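In: What follows is a predicted protein model with its sequence.
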Amino acid sequence: MSRYEASDIEAKWQKAWEEAAIFQAKEDHDKPKYYVLEMFPYPSGKLHMGHVRNYTMGDVIARYKLSTGHNVLHPMGFDAFGMPAENAAMASGGHPKDWTYSNIDTMVEQMKPLGLSLDWSRMFATCDPEYYGQQQALFLDFLEKGLVYRKNAVVNWDPVDMTVLANEQVEAGRGWRSGALVERRELTQWFFKISDYSDELLTALDGLENWPAKVRLMQENWIGKSRGLQFSFERTDGEEAIEVYTTRPDTLMGASFVGISPDHPIAKQLEAESQEVADFVAECRKGGTTEEAIETAPKLGYDTGLRVRHPLDPNWELPVWIANFILMDYGTGAIFACPAHDQRDFEFATKYDLPIIPVVEPVEGADELTEAYVPTKAEKVRYVRGFAGTEEQTGEDGVNTAVDKAEAEGWGEGVTKFRLRDWGLSRQRYWGCPIPVVHCPDCGVVPEKKENLPIALPYDEDGKAIDFSVPGNPLDRHPSWRDCACPSCGKPAQRETDTMDTFVDSSWYFARFTAPRAETPTDLEAASYWMNVDQYIGGIEHAILHLLYSRFFARAMEICGHLPESAKEPFDALFTQGMVTHAIYENAERKNENGRSIYHYPNEVEERDGGVFVKETGERIKVIPSAKMSKSKNNVVDPLAIISTYGADTARWFVLSDSPPERDVEWTASGAEAAYKHLNRVWNLCDRIGEMDPDAKGEGDEDLLREMHKAIRDVTLGVESFGFNAAIAKLYGFTNTLSKSKASAAVQKQAIKTLAQLMSPMTPHLSEDIWAHQGGEGLVANAPWPIADDSMLVEDSVTLPIQVNGKRRGELTVAKDLDKAEVEKLALAHEAVQRVLEGAAPKKVIVVPGRIVNVVA
RNA sequence: GCGGGCGUGGUGGAAUGGUAGACACAGGGGACUUAAAAUCCCCAGGCUUUAGCCGUGCGGGUUCGAGUCCCGCCGCCCGUACCA
C-alpha cells in the first residue's frame, strides 16, 4: 500500500499541466468561450487564506468549464500602485518600485504551488509602464470626448506635515503621523464625468440578473436618484435669492429655517466679511472629509442674521443658518429645514431653540413630538399644514401635488437629482499612474502627445533615490522630471504632478487581459472575442466603488472604440465571497506596557481543562472567535505553512468545505487536519480498488451506480450554483458509500474514477493521480465532465412526513405516484394520527405530493 | 449618522414556505494493538422517558405549516466616494 505524499504528486502534476500548456488561452471559435476572473490582488508580499479561497473558487469554475468543453480564459495580475509601497519606503527606505516588484515575485512564488489553472503568460502589474502608458492613452481619449474635467474639491489637509492625507490616514480627526487636527482644504483636481451616466448606470442594473441582488441594491442607493423641488427663497435684503432643493416639498409649511453649507457662496462671502463667521466656518472645516465623519460630527450652526421670505407667505420670515451637516456637493448646498419631519433638523432645532412645526401626523392622531416623525412615503398621513392635494394622502402623493402646484404657480420646478458625484481621480502621490497633461504658462492645460507615452515615473532624482523621508509628493520637488516642453508651443512648461486614483487601474484590467501586450489599450478583436467576463469573483467590499467605476469605464472605453458595444456591462455574473477568519487569542491576564491587549499566535496557545492557555506561561486566554485575519492581532494563518504540511489540495478542499462561499469561513487547525485525513481516505480507497482482481464479482453494483449518478447530479449542481460546501458534503457521502461498497471491481473502478473527476476542480492534483492510477485516458483536467443518467436517478417510492397541526408525528413510505386521496387515506389510518385525532374527523388534510402530509385536527 | 448584509447544537454549518441540525470538527464508547499513534465501527440539540415537551438572536404577525415571508428591536460584519 502506498502513502499519500502531497508534495510529490502536486509538483508532478503541476509540471505536467505546464508542459501540456492546457491553461494557456487561445482564441478558438469552435468552442464556447468562458472568461473567469477573480479580483486581482494587491501585492502585499504575503499571500493569505482569503486569497487562497478566492482563487480556489475561481479555479473550481475554470476547471469545471474546461471539462465541459469551454475555451477558458483565467488570467491573473497585480493591482500594484497604491499607498502601502510609499509607506514601506517611508518606514525603511528603499523605493516603492523595488518593494512592489519584489513582492510580486514573492506572491507568484506563493501562488504557483496552489495548482491554479491560470494562464500565467498574460500576467501583468498595473505599475508596469506598458500598462499604465495605455491607461494614459485612455485618459487622453476620455479627455477628448469630454469625459474628464477639472474643478475644486476638498481633501484632508495635515497642517503640520503640510500634506494631503488619505481618509485612512486620518484617525479620530487627526493626522496619523503628526497627530495634528486635520482640516478640509480645497484643491483643483481632475474628475471623470461619471455623473453623465447616473441614469444609465442605474437603469442598466436591471439587466444584471446574475449579480447578487444586494449589490444591485447597494449601487441603486449609491446612485440615489431622487425627484424633488428646486425653488428660491427671496432675501429680505434684496440680494440674490437662495436656491434650495428638497425631496420633501410637501413639508414646506413646516419650514423652520434655511440652512446653507459652510462651503456655500454666501457663507464664503460672509467669511470674507466677518471674523466671527470665518472662525465658525474654520471650526466646521475641522475633521476629515468622509461622509461618516461629517454626518456623525456634533451639529454646529451659526445664525447669519440674514432673513428670507417663505415662498407661500411673504410675511413669514425665516432665518438663514450656516450648518456643518449640509454638503455643498449634493443638491444646491442649501436646504430648508423641517425639524418636525427630519431627525437631523430636529436635533439642530432643539439645540438652537428653533421652531418645530408639524405638517403631517398619523391618520389615527398624533402624540407630542419627542423626535422627528418620519413616515415612509407610501404611508397615508394627515396633512395638518399641507398646501397641495387632499388632507389625507400618502407622502408620495403629497410630494407630487406640491411639485405640481409649485410648477403651476411658477415659483418652483420639479427636478431629478442623483446622489452620485463625479469621480475625483487626482492623488497628490508618487506611486500611481501620472496624469499625462502639461501646464503651460501660455497654452494652459495641454494634453501630452500620445507618441510621448508612457509618461513614466522617475526612478531617481539626479542620480539619487526618490526621497520619501519628507512628507508630500516627490514628483512635486523633482525638477528634472517636472520640467518639460509644452506639447503645443514647445516653450518650457511643467508636468502635472498628480497621479491617478488606483481605482482607475482596476477599472479596465479585465479588458487588458484579453490582449495584455497590445500596443493600444485593447485589441478590439480579442476584446470582442473574450469579453464579457462570464464569472467575476471578489469581495463584497468592492460592491460599490470598484464595480461602479468599472461599469463606467466600460462605457467610456466603448465610446472611444476600445471595447465593443456588447461589453458595456463588463461582468455578466458576479459572485461575492466572504472572508477567511480565525479566532483571536487575547491574553486575559496581562496588557503590554502601553496598556494595549497582547495577542498570541495560534501555535503559542493550548487547550486544556476546558480553557485556553499560553503554553509557556500558563496565562489564561480570552478567545475571540471569527475575527478577520489581521497582522496586528496575530491571527493570520500562512497558506504556505499549510501547503508544506498537508499540500495544496488539502488547503483548497478545506477553504471550500465548511462554509458557504458567500459567507466568512473560520480557519481552524482541526478543520485542515480533517480535510487532510479525508484526502488520505480517498487515496487509500483508490489503492484498495486498484489492488482488486479486475474480474472480481460483487454485490450491489446497481446501488453503487445509482449513488454515483446522484453524486454526479448533486456535485454538478453544487459547482454550477456556487454551492461548493454542499458539493463537498455530497463527495463525503459518496466516498463513504464507495468505501463500504461490496460491488464488483469493474463498478468500483468506474466509481473511483468518477469520484476523481468530481473532485478534480477542488483537488486537481490528487484527482490526476487517481485518474492515472486507474488507467484514465490523458489528463483528468481535460477529460469530459461526467453526465448523470436520469434513468438512474428515478426513485419508485418516497417517504413522506406526516404532520398533525404542523407537528411531525410519523412518516409514510408510499409509491412515488400514489394519488392524493390514497395518501390521505393512509395518513389518516396512521397510528400516530389516530392517537391525536381520538376518533374525531380532521378539519382539513393537506397533501403536497412527494413532500408532506399535514392533518389539521 | 446613512446604505447593505448576517445571526441555527460545544464548533463550522445543512434545509425550492414542507421531517430543523445533512456533511464535518471537537467529544463519548468500542474494535485492532504489548502499548500508543494511525485506521475502522457505534453514539450524540436540550429536558423528561417507550411517548412527550422545549428549541434556528429577542418581541410580534401572516400561513394548514416559518430557520425561510412581513413589522419592530438587539448584536456583529461590509461600505460610506483619498485603504485596496
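Out: Yep, that arrived. Numbers count the residues shown, from 1 in each chain, chains lettered A, B, ... in the order given.

In: mind listing the helices in the stretch 501-650 of chain A by residue range?
Out: Defined through DSSP state H, counting those that start in this stretch, the helices belonging to the stretch 501-650 of chain A, from first to last, are A:502-505, A:509-512, A:524-530, A:545-559, A:639-646, A:648-657.

In: Please enumerate residues in contact with the fifth one?
Out: Think helix A:639-646. With CB atoms under 8 Å, 6 or more residues apart in numbering as the contact definition, helix A:639-646 has outside contacts at A:6-7, A:47-49, A:51-52, A:110, A:113-114, A:650-651, A:672-673, A:675-676. For every residue, glycine as well, the C-beta is placed using N, CA and C.

In: closest to RNA strand B among these?
Out: Distances from those to RNA strand B were compared by CB to the nearest atom of the strand; the smallest belongs to A:Glu673, at 5.9 Å.

In: how about that closest one, what does it touch?
Out: Contacts for A:Glu673 (CB under 8 Å, 6+ apart) come out as A:Tyr646.

In: May I see the buried residues of the helix or strand where it lies?
Out: Taking DSSP states H and E as the criterion, A:Glu673 maps to helix A:669-690. Along helix A:669-690, these residues count as buried under the neighbour rule (16 or more other CB atoms under 10 Å): A:671-672, A:674-676, A:678-680, A:682-683, A:685-687, A:689-690.

In: Tell me the one of those residues nearest A:Thr251?
Out: Nearest to A:Thr251, judged by CB to CB, of these is A:Gly671 at 55.7 Å.

In: can you tell me which residues contact that closest one?
Out: A:654, A:657-658.

In: Most neighbours among the residues you listed, please name it.
Out: A:Phe654 (28 neighbours; other CB atoms under 10 Å).

In: Tell me the spacing between the nearest residue to A:Leu165 once chain neighbours are set aside and A:Glu168.
Out: Leaving aside its sequence neighbours, A:Leu165 sits nearest to A:Asn156 (CB to CB, 6 or more residues apart in numbering; 4.1 Å). With distances defined as CB to CB, to the nearest Å, the gap from A:Asn156 to A:Glu168 amounts to 10 Å.

In: and the residue nearest to A:Pro570 when sequence neighbours are not counted, what is it in contact with?
Out: Setting aside the residues directly before and after it, A:Pro570 is nearest to A:Ala554 in space (CB to CB, 6+ apart), at 4.4 Å. Residues in contact with A:Ala554 (CB under 8 Å, 6+ apart) are A:508, A:511, A:563, A:567-570.

In: go with 6 Å
Out: Shown here is A:Ala554, whose contacts under the criterion CB atoms under 6 Å, 6 or more residues apart in numbering are A:563, A:567-568, A:570.

In: RNA strand B: which of these is nearest?
Out: A:Pro570 (18.3 Å).

In: Settle this for me: that closest one is touching A:Trp530, isn't it.
Out: No: using CB atoms under 6 Å, A:Pro570 and A:Trp530 do not qualify as a contacting pair, with a distance of 10.8 Å.

In: Which ones, among the contacts of A:Gly671, also lie beside RNA strand B?
Out: Cross-checking the contacts of A:Gly671 against RNA strand B (CB under 7 Å from any atom of the strand) gives A:657-658 as the overlapping residues.

In: and the contacts of A:Gly671 as a markdown table, adding pLDDT?
Out: Listed next are the contacts of A:Gly671 as a markdown table, based on pLDDT from 0 to 100:
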| residue | pLDDT |
| --- | --- |
| A:Phe654 | 88 |
| A:Ser657 | 87 |
| A:Asp658 | 78 |
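
In: How about the residues of the stretch 1-150 of chain A by RNA strand B?
Out: So far as CB under 7 Å from any atom of the strand goes, the stretch 1-150 of chain A lies against RNA strand B at A:41-42, A:79, A:81-84.

In: among those residues, which two are most distant?
Out: Using CB to CB, the two most remote members of those are A:Pro41 and A:Met83, lying 15.4 Å apart.

In: Among those two, which residue is more densely surrounded?
Out: Between A:Pro41 and A:Met83, A:Pro41 has the larger neighbour count (other CB under 10 Å), namely 20 against 17.

In: ok, for the closest residue to RNA strand B within the stretch 51-200 of chain A, nearest residue in space, not its chain neighbours?
Out: With distances taken as CB to the nearest atom of the strand, the stretch 51-200 of chain A approaches RNA strand B most closely at A:Gly82, which sits 2.8 Å away. Beyond its immediate neighbours in the sequence, the residue positioned closest to A:Gly82 (CB to CB, 6+ apart) is A:Thr502, lying 4.8 Å away.

In: That neighbour - how many residues pack around it?
Out: The local packing of A:Thr502 (other CB under 10 Å) involves 23 other residues.
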